[in-house]
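Trainee: Have a look at this prediction, sequence included:
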Amino acid sequence: MSHRRALALMVLITLLWSMAGVVSRHLEQAGSFEVTFWRSLFNAVTLSIALTLIRGPRLWRTLLHAPWPVWFSAVCWSVMFTAFMVAITLTTVANVLVTMAVGPLITALFARIFLRHRLPIRTWLAIAAAGLGIAWMFGQEARSGLSLTGTLVALAVPLAAALNFTMLQHVGHGPADPAKAARQDMLPAVLIGAVLSALYTLPFALPFQASTHDLVLLAMLGSVQLALPCLLLVRVSRELPAPEIALLGLLEVVFGVSWAWLGAGETPGASTLTGGALVLGALVANEALALLGRHGKRLPGAASSG
């Protein structure tokens, strides 16, 4: 897969992820943990069908014997699945997305510590600029007395995501031996994570109150908004560095706030628009510099210019 195609897929992933907030605002009766349960259950069903088609019946014979990286990643996925939807029912869409956007800072730190990645200056500058935008948005929103509980729950998402992205990078850039690659197949981790999330939240979801309308929306969230982009993310993680994935993931803030504004009437304030502009500017600048750098290396004589 080319770098450009990987970038396009990552943008599509963030676009699909960003739909969760606005769709959840149109639910009629489902409560916090019930929303999370049904979304995770539909996610697990969709992934079960998809992975059975991809891997065949052997998927189920080997699932319980998966190596520890798969289970580690699965726990991370389950935390991400659970914390996001619980947080979205406790505070505003913008607040959740802004809190999640600290992910690049955490991911870059983990990639540096655990994977010994040497980050280019442009990435550090982009992360700093995006962090400034996020800090501005968060500071202004905090003055409005937003729920501390929702913020703390939302913070679990970037922490788990950073650990997950780092693990996926470690496995994706590991040995090229086919036997080892088979043992390091990380796609089942997404399925296990969905099942764990559904199990976590089931006791708190009872008694069920979701209407038929709610179940239709939750089925869409579990399949199109969650299962599909998660499968794509595992593939993209083999092509893009972890900090770059996390930085591109910040587009979810821009998309998600826009969806909530247009589709649920959650009008963002000036601070949200200003912070979002900084985030988007950091993403565009980082990717533009990366593309220019790769193009420069292909030019005749570039290798001997030093």
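Mentor: Received the coordinates, thanks.

Trainee: starting at the chain centroid, how far to the one helix or strand residue 22 maps to?
Mentor: Applying DSSP states H and E as the criterion places residue 22 in helix 19-24. Distance of helix 19-24 from the chain centroid (Cα atoms, centre = their mean, to the nearest Å) equals 15 Å.

Trainee: Please shift the residue numbers so they start at 42 in all later answers.
Mentor: Sounds good: first residue 42 from here, last item helix 60-65.

Trainee: what does it contact?
Mentor: With contacts defined as Cβ atoms under 8 Å, 6 or more residues apart in numbering, helix 60-65 is touched by 76, 125-126, 129-130, 134, 137-138, 258, 261-262, 265-267, 297, 300-301, 303-305. Placement of C-beta: from N, CA and C, glycine included.

Trainee: at 6 Å what do you get?
Mentor: Helix 60-65 is contacted by residues 129, 134, 258, 262, 266, 297, 300, 301, 304, 305 when judged by Cβ atoms under 6 Å, 6 or more residues apart in numbering.

Trainee: cool, stretch 140-152 as well?
Mentor: For stretch 140-152, the external contacting residues (Cβ under 6 Å, 6+ apart) are 158, 168, 172, 175, 192, 195-196, 198-199, 202-203, 206-207, 283-284, 287-288, 291, 294.

Trainee: What are the buried residues along it?
Mentor: Residues of stretch 140-152 classed as buried by neighbour count (16 or more other Cβ atoms under 10 Å): 140, 141, 142, 143, 144, 145, 146, 147, 148, 149, 151, 152.

Trainee: Need those residues in JSON lines (columns: pLDDT).
Mentor: JSON lines is the format used below for those (pLDDT from 0 to 100):
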{"residue": "140", "pLDDT": "79"}
{"residue": "141", "pLDDT": "82"}
{"residue": "142", "pLDDT": "77"}
{"residue": "143", "pLDDT": "78"}
{"residue": "144", "pLDDT": "78"}
{"residue": "145", "pLDDT": "76"}
{"residue": "146", "pLDDT": "75"}
{"residue": "147", "pLDDT": "79"}
{"residue": "148", "pLDDT": "80"}
{"residue": "149", "pLDDT": "77"}
{"residue": "151", "pLDDT": "84"}
{"residue": "152", "pLDDT": "82"}
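
Trainee: about what we covered before: which ones among the contacts of helix 60-65 lie within helices?
Mentor: The helices, defined by DSSP state H, take in 129, 134, 258, 297, 300, 301, 304, 305 from these.

Trainee: Type out the ChimeraX command that picks the buried ones from those.
Mentor: Buried subset of the ones in helices among the contacts of helix 60-65, written as a ChimeraX selection, criterion 16+ other Cβ under 10 Å:
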select :129,134,258,297,300,301,305
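
Trainee: which intervals of the protein have sub-threshold pLDDT?
Mentor: When residues are selected by pLDDT under 70, those of the chain lie in 182, 186-189, 213-226, 283-284, 332, 335-347.

Trainee: Show me where the stretch 92-241 of the chain has its strands.
Mentor: Secondary structure of the stretch 92-241 of the chain (DSSP state E, counting those that start in this stretch): no strands present.

Trainee: ok, back up a step: tell me the one among the buried residues of stretch 140-152 nearest to residue 254.
Mentor: residue 141 (27.4 Å; Cβ to Cβ).
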